[in-house]
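Student: Here is a sequence together with a model predicted from it:
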Amino acid sequence: MADKEQTLLVTGASGGLGQLVIENLIERHGVAPERIVAVTRSPAKLAQLAARGVQVRPGDFDDPASLDRAFAGADRALVISVDADPLDSYLSDTDMLGNPKRRRVVRQLAAVQAAERAGVRHVIYTSAPNPEPPTVCFWKRDHWHTEEAIRSGGTDWSILRMWEYPDFHLTYSWAQALGSGSFVTGAGSGRCAFIAREDCARAAAAALVRGEHGRVYDITGTQALTMDEVFDQLTAINGRPVELTHVSPQEMRARLEANGEELAPVFAAFHEGVRQGKYDCVSGDFDELAGTTPDTLDHFLRAHPVTEEQTRVTYRFADHPA
Ligand SMILES: NC(=O)c1ccc[n+]([C@@H]2O[C@H](COP(=O)([O-])OP(=O)(O)OC[C@H]3O[C@@H](n4cnc5c(N)ncnc54)[C@H](OP(=O)(O)O)[C@@H]3O)[C@@H](O)[C@H]2O)c1
C-alpha cells in the first residue's frame, strides 16, 4: 500500500504528546487529515481536529469493545503509554499465572491486543530508556512488560524509548528550585540527554509514517548533561542562582518526603537511574527518523523562562487521574 493511502492511528490523542504528533503528521508529513484516526476518551476536546477532517473516535483502554471500534481500518498505530496508576505501586507485576496485574500494563496491552484484532499491521509504542529489569526506575517495569508483549505479538512493531522531557522536570522540580535557591540531587556526576516533548512528537510522527519493524529507537537529546550543567543553564537563563546539594538517592528521597513532595519516589529513582548511567546516551536515532536534529536543552530553556508563579506549582496525584 502506498504511504499516502495508509490510515494512521494515534491513541492518547488529546494528551500533550498525542496532539503534537497529529499536528506533525499533517504539517510536516503532509498526511491527509482523513487518513488520521485520533483515539481519545474525550472526543469533545478534539472538535477542532474533527472539523479539519481527522477521524476522532472514542476509545478507552479500560473498555476493549470501544477499542475494537476505534482501531477498525487502521494500518499503523501509535500506542502512547498512559500515566502510571498510583494504585499500581501496591501491586506485584504478575499474578500466579503470569498475567500482568498492574493497571497501566493491563490498559496498554488492551490497546495492543485491540490493534492486533483489528488487523493493524504495525504498532509503535512510546517506551522509556533502558527499561530492562532490574531497574531502579520502577515505572519502567510497565514499559518493559508492554514492549515484551508487543515483540511477541502478531504485528510488526517499533519501540520508541523516549528520554526525559525537560518539560516535566521544569514544571514540577526545576522551577521550584529556581524559586527556593536550592536543589537536592542524588544523580552524582551522572548525565541525562533530555529531549523536549515537542521533539518526541516529531520522532513519534516520523515513526508512525516510516518506522521500521523490529527497531528499538533511543530518542535522546543532543547532549548528555550533569545536573550541575543543567542548573548552570537554568541559572544563566533565569538569573536565579541555585545551590546544588549532592546526596545519595536514598537521602534525596528522604529529604523530598520530609518536604511533603508527592513525587519523591519518582524523582529519587530517576536521579539514581541518572547516577547509574541509564540516561547517558546520545543516539542518532532521532536524526535518522526525523531527518533533523532535536532542540538543545539550552534552547528549550530559553523558550520557557520560569515565572514567579511557576516556582510555586506543586504536583498532586489528584490532578493527574489515571
Ligand atoms: N519521557 C518523559 O519524560 C515522560 C514524561 C511524562 C510522561 N511520559 C509518558 O508519555 C506519555 C505521553 O505523554 P504526554 O505528555 O502526552 O502525557 P499526557 O498529556 O498525560 O497524555 C497521556 C494521554 O494518555 C491517554 N490515556 C490515559 N489513560 C487512558 C486510558 N485509560 N485509555 C486511553 N487513553 C488513556 C489520555 O488521552 P485521552 O485523554 O485523549 O484519552 C492522556 O491524555 C505519558 O502518558 C507517560 O506515559 C513520558
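Tutor: Perfect, thanks for sending it.

Student: All the helices of the stretch 51-200 of the chain, residue numbers only.
Tutor: 64-71, 103-117, 140-151, 166-169, 175-180, 197-210 (DSSP state H, counting those that start in this stretch).

Student: other SSEs contacting the last one?
Tutor: When contacts are defined as 3 or more CB pairs under 8 Å, 6 or more residues apart in numbering; DSSP states H and E, helix 197-210 packs onto strand 8-10, helix 16-27, strand 76-79, strand 122-127, strand 156-162, strand 215-219, helix 285-290. In this view, the C-beta of every residue, glycine as well, is placed from N, C-alpha and C.

Student: May I see the buried residues of the longest one?
Tutor: Within helix 16-27, the residues that qualify as buried by neighbour count (16 or more other CB atoms under 10 Å) are 16-22, 24-26.

Student: Could you tell me which residues of the chain lie near the ligand?
Tutor: Among all residues of the chain, those adjacent to the ligand (criterion: CB under 6 Å from any ligand atom) are 11-18, 40-42, 60-62, 80-83, 107, 126, 162, 164-165, 168, 197.

Student: how about 5 Å then?
Tutor: Within the chain, the positions lying close to the ligand (CB under 5 Å from any ligand atom) are 12-17, 40-41, 60-62, 80-83, 162, 164-165, 168.

Student: neighbours around the residue in the stretch 151-300 of the chain that the ligand sits nearest to, how many?
Tutor: With CB to the nearest ligand atom as the measure, Tyr165 is the residue of the stretch 151-300 of the chain nearest to the ligand, at 3.6 Å. Applying other CB atoms under 10 Å, we find 20 residues neighbouring Tyr165.

Student: any idea of the pLDDT on it?
Tutor: Note for Tyr165: predicted pLDDT of 97.

Student: Next, Val82: phi, psi?
Tutor: phi -90, psi 170 (degrees, to the nearest 10).

Student: how about it, what does it touch?
Tutor: Contacts of Val82 were listed using CB atoms under 8 Å, 6 or more residues apart in numbering, and they are 12, 61, 104, 107-108, 322.

Student: which among the residues of the chain next to the ligand end up buried?
Tutor: 12-17, 40-41, 60-61, 80-82, 162, 164-165, 168.

Student: Let me see the confidence value for the closest residue to Ala72 other than its chain neighbours.
Tutor: Distance criterion CB to CB, 6 or more residues apart in numbering; nearest residue to Ala72, sequence neighbours excluded, is Ala118 at 5.4 Å. Ala118 is assigned a predicted lDDT (pLDDT) of 98.

Student: same deal with Gly273?
Tutor: 98.

Student: Surely it and Pro131 touch.
Tutor: No - here Gly273 lies out of contact with Pro131, judged by CB atoms under 8 Å, at a distance of 10.5 Å.

Student: Of these two, give the one with the bigger neighbour count.
Tutor: The neighbour comparison of Gly273 against Pro131 (other CB under 10 Å) goes to Gly273, with 25 against 22.

Student: Which helix or which strand is home to Phe300?
Tutor: helix 297-303 (DSSP states H and E).
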